[in-house]
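>>> let's see this in three dimensions:
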Amino acid sequence: RWLFDRALCTLYAFCGVLFGLCSLSSLTVLSTVCCLKVCYPAYGKCWGSRFSPSHAAVLLLCVWTYALSFAMAPLAEWGSYGPEPYGTACCISWGASGRAATLYILALLVFCYLLPCLLILASYSLLLWTVQGSRRALRQH
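Got it, this is the predicted structure:
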């Protein structure tokens with residue numbers, strides 16, 4: 001069973017959600033940037049220069065803001081945190097009833113799982129397609 005009080009349960013769940021979302025969001029941004037740099041080399045020219053530390057800082061800020069917005073939602077009463085079904089740790093209350101809880105879980109599914117996974121899949125598919133095209137072009141020369 002969970003050995004600590006409700007506040008520590010909420011903090012534990014919040015940290016798990018925040019860092020998990022940051023991880024997946026970071027991977028999504030990395031795959032998208034790699035795809036843009038390899039498949040569309042001219043994209044950096046429209047920003048005036050190559051990819052710089054300030055670009056990376058902006059992307060990191062976006063990743064953390066995105067993750068924080070979804071991790072803080074249960075603290076603002078949109079969804080909730082609570083003990084897991086086995087009671088040994090805490091996470092999002094997946095079984096919570098009510099419209100707000102259902103909408104939060106659906107938003108997590110769409111914006112924090114499906115969308116990032118589809119972007120990663122599309123980015124790496126486009127990368128592979130571009131590499132295969134380059135390989136064919138090299139063989140022809």
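>>> which of the residues in stretch 27-34 are buried?
Leu27, Thr28, Val29, Ser31, Thr32, Val33 (16 or more other C-beta atoms under 10 Å). Where C-beta positions appear, they are placed from N, C-alpha and C, glycine not excepted.
>>> any low-confidence regions in the protein?
Applying pLDDT under 70 to the chain picks out residues 44-49.
>>> quick one: the residue sitting nearest the centre point of it and Leu115, what's the gap?
Centroid-nearest residue in the chain: Ser25, 2.4 Å away (criterion: C-alpha atoms, centre = their mean). Ser25 sits 10 Å away from Leu115, going by C-beta to C-beta, to the nearest Å.
>>> wasn't Cys91 part of a strand?
Yes - under DSSP: H, G, I helix; E, B strand; the rest coil, Cys91 sits within a strand.
>>> if you count contacts, what does the lengthiest helix in the chain end up packed against?
Identified as the longest helix of the chain according to DSSP state H is helix 6-39. Counting contacts by 3 or more C-beta pairs under 8 Å, 6 or more residues apart in numbering; DSSP states H and E, helix 6-39 packs against helix 53-72, strand 81-83, strand 90-92, helix 115-140.
>>> what's the angle from the longest one to helix 6-39?
Just to be clear, that refers to helix 115-140. Note on geometry: by axes from the mean of the first three to the mean of the last three C-alpha atoms, to 10 degrees, helix 115-140 and helix 6-39 are set 20 degrees apart in direction.
>>> report the angle between the axes of helix 115-140 and helix 53-72?
Interaxial angle, helix 115-140 versus helix 53-72 (the same axes, to 10 degrees): 150 degrees.
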